[in-house]
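J.: Here is the input, now give the coordinates:
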Amino acid sequence: MTARTRAVPASSLLPRLWLALAALIFVSLTLAAHAQERTVRVGYQKYGTLVLLKGRGTLEPRLKALGYRVQWSEFPSGPPLMEALNAGAVDFGSAGETPPIFAQAASDALAYVAHEPAAPKGEAILVPKASPIQSVADLRGKKVALNKGSNVHYLLVRAIEAAGLSLSDITPVYLAPADARAAFERGAVDAWVIWDPYFAAAEAGGNARVLADGTGLVPNHQFYLSSKTFAAENGPALDAIVAAIAEVDAWAEDNTDAVAKELAPSVGIPAPILSVALKRQTYGIRPLDEAVTKEQQRIADTFHGLKLVPKTVDIAGAVRKPGS
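T.: Numbers count the residues shown, from 1 in each chain. Model (predicted):
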């Protein structure tokens, strides 16, 4: 015998169809929401306001309210971060004075968003304590370690100019901070130009003497940068990032010891040493004014004149106007 197929009443199918339809609508809406959510890729270094902002987690809710999520990427120093910004691998980051200039010489992609006040005591030229070198003029014929294209590159240029020397009078040895410190400690170089917190760590090590810091030579600004494309298309997101940085800055300025404890594990430098560096840092993010823009242009023109960057760059043309 052949079994007769029983018909399922249409009324019993309706609840199942409604459930399936509701599930489909829910999935569609969820996918649409994720498709509309944009990503802000922030590049940061182990030391500074951005890593503190990452640790405190206060940027994420600000940007989520605007339909963005945050993706963080760590960089060892300013130059590779600026390269990533040029290449479109990150949307926002920070660096000292010199890395953005080298990046501008390679591409017209960068936009200056804001800066921190000058901190000339946060970088220095160091020599061993027992070194016979007593002045910058004594660096003639000596090997000087530094990170090429970093903020201290300009400090070295200005310091030797003020001493009546030129770059051709010394032997620059281009090394990243960790390699430069090793070379300095084993006597492979005669001097080391470095920024905080590595500067503070070298001082605490007991075998470094400050030959000159940036006082009277360089402002040592910290800049916050984006790409021109991202800035043009995501103004509210950039304003939210600046507001979040300002909030963290206001807290950090009055709580340097707490900041030091928070950063010590990621930086790998004891909190008491970081406190020294943080007290030399400045706080209070603000838009670039005419004076800061002109000073940055002066740095760019200096490097072009030394043939360290291949062409002139226009700083004013790359400055983002607040709210734009």
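
J.: Do a quick rundown of the strands in the stretch 151-300 of the chain.
T.: 171-174, 191-195, 208-213, 222-227 (DSSP state E, counting those that start in this stretch).

J.: now for those strands, which one comes closest to E123?
T.: Closest approach to E123 among the strands of the stretch 151-300 of the chain (CB to CB): strand 191-195, 4.2 Å. Placement of C-beta: from N, CA and C, glycine included.

J.: Tell me the strands beside the closest one, with direction?
T.: The strands beside strand 191-195 in its sheet (DSSP bridges) come out as strand 123-128 (antiparallel), strand 143-146 (parallel).

J.: got a list of contacts for the shortest one?
T.: Same thing as strand 143-146. Identification of contacts with strand 143-146 by CB atoms under 8 Å, 6 or more residues apart in numbering yields 125, 152-153, 156, 170-175, 180, 183-184, 188-194.

J.: One more: the first one?
T.: In this structure, residues lying in contact with strand 123-128 by CB under 8 Å, 6+ apart are 133, 136, 139, 144, 151-152, 155-156, 159, 184, 187, 190-196, 199, 202-203, 207-214, 218, 220.

J.: now that strand, how far from the centre of its chain.
T.: Put simply, strand 123-128 sits 22 Å off its chain's centre (CA atoms, centre = their mean, to the nearest Å).

J.: tell me the angle of it relative to strand 208-213?
T.: Here strand 123-128 runs at an angle of 140 degrees relative to strand 208-213 (axes from the mean of the first three to the mean of the last three CA atoms, to 10 degrees).

J.: Quickly list what the residue nearest the centre of the chain is bridged to.
T.: Most central in the chain under CA atoms, centre = their mean is S94, positioned 2.6 Å from the mean C-alpha point. Assessed by DSSP bridges, S94 has beta-bridge partners Y224.

J.: Rebuild the strands paired with strand 191-195 as TSV, extending it with mean neighbour count and mean pLDDT.
T.: Formatted as TSV, the strands paired with strand 191-195 follow (neighbours: other CB atoms under 10 Å; pLDDT from 0 to 100):
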stretch	mean neighbour count	mean pLDDT
strand 123-128	24	98
strand 143-146	22	98
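
J.: Specify the stretch among those strands that is closest to I273.
T.: strand 123-128 (14.7 Å).

J.: A119 touches D213, doesn't it?
T.: No. Counting by CB atoms under 8 Å, A119 does not reach D213; the two are 10.1 Å apart.

J.: Would you check the distance separating stretch 256-265 from the middle of the chain?
T.: Per CA atoms, centre = their mean, the centroid offset for stretch 256-265 relative to its chain is 18 Å.

J.: Report the buried residues of that stretch.
T.: Across stretch 256-265, burial judged by 16 or more other CB atoms under 10 Å covers T256, V259, A260, E262, L263, A264.

J.: In TSV, list those along with distance to G284.
T.: Shown next, in TSV, are these (distance: CB to CB, whole Å):
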residue	distance to G284
T256	14
V259	15
A260	19
E262	19
L263	19
A264	24
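
J.: taking those residues one by one, which sit in helices?
T.: Among these, DSSP state H puts T256, V259, A260, E262, L263, A264 in helices.

J.: buried residues in stretch 239-252?
T.: For stretch 239-252, by 16+ other CB under 10 Å, it's D239, A240, I241, V242, A244, I245, A246, E247, V248, D249, A252.

J.: wait, I meant stretch 203-222
T.: By 16+ other CB under 10 Å, the buried positions in stretch 203-222 come out as 203, 208-209, 211-214, 217-222.

J.: just to revisit the earlier point, go through the strands of the stretch 151-300 of the chain and name the closest to K64.
T.: strand 222-227 (19.1 Å).

J.: sorry, back to before: need the strands paired with strand 191-195 in JSON lines with distance to G317, can you?
T.: Converted to JSON lines, those look like this (distance: least, CB to CB, whole Å):
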{"stretch": "strand 123-128", "distance to G317": "27"}
{"stretch": "strand 143-146", "distance to G317": "29"}
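
J.: Out of those, which is closest to E233?
T.: Nearest to E233 among those is strand 123-128; the distance by CB to CB comes to 34.7 Å.

J.: what about the helices in the stretch 151-300 of the chain?
T.: Secondary structure of the stretch 151-300 of the chain (DSSP state H, counting those that start in this stretch): helices at 151-162, 177-185, 198-204, 228-233, 235-253, 256-267, 271-280, 290-305.

J.: lowest confidence element among the helices and strands of this protein?
T.: Lowest on mean pLDDT, DSSP states H and E among the helices and strands of the chain sits helix 10-36, with a mean of 49.
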